[in-house]
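> let me see the structure of the following:
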Amino acid sequence: MVELLIGKKGTGKTKALIENVNSAATVAKGNVVFISDDTRRNMHEIRSSVRMADTKDFDIRTYNEFLGFISGIISRDYDITNIFIDGIFKIVGTTELDGFEEFLSRLEVISKSLNISFVISVSIDAQTAPDYIKNLA
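Presented below is the predicted three-dimensional model:
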């Protein structure tokens, strides 16, 4: 499953995501991962059992590069059940949607084949977002 938390900047997406992370960490039968461009920002709000992955040192510039980053995390830990991603556009350094739909499709394939749930916060106006984004929200 791939789910999107969408809304304009400042609408509480990160807070809702962190609540979902901590909730998943209490019930998950595997490992929960939180990916952000600056994990220090939320470090004290997230349960210590959650694995944190910070992207800022990896110079990720495209959705394909980020997919490689995610694949690397999964490949070293086959017990992952949930991956939460805070601020996809900050991570890839763009608000351009070129390639985003394909990225989500490829995540869906990974999700189904490896039974991993993905939740991603996306800073976009819910009213003007493309249908493929609205359908995952």
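
> and the residue nearest the centre of the chain?
With distances taken as CA atoms, centre = their mean, I85 lies nearest the centre of the chain, 2.0 Å away.

> tell me, how many residues neighbour the closest residue to D79 other than its chain neighbours?
With CB to CB, 6 or more residues apart in numbering as the criterion, D79 has its nearest non-adjacent residue at 4.3 Å, and that residue is G30. To be clear about C-beta, it is placed using only N, CA and C from the backbone, and glycine gets the same treatment. When neighbours are defined as other CB atoms under 10 Å, G30 has 14 of them.

> related to what we said a few turns ago, ok, what's across the strand from the closest residue to the residue nearest to the centre of the chain other than its chain neighbours?
Leaving aside its sequence neighbours, I85 sits nearest to I120 (CB to CB, 6+ apart; 4.3 Å). I120 forms beta bridges with L4, I85, as assigned by DSSP bridges.

> now do the contacts for I120.
Listed by CB atoms under 8 Å, 6 or more residues apart in numbering, the contact set of I120 reads 2-5, 84-85, 88.

> gap between it and G87?
9 Å (CB to CB, to the nearest Å).

> re the thing from before, among the contacts of I120, the buried ones, what's the ChimeraX command?
Per 16 or more other CB atoms under 10 Å, the buried members of these correspond to this ChimeraX selection:
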select :2,4,5,84,85,88
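
> this completes my enquiry, with thanks.
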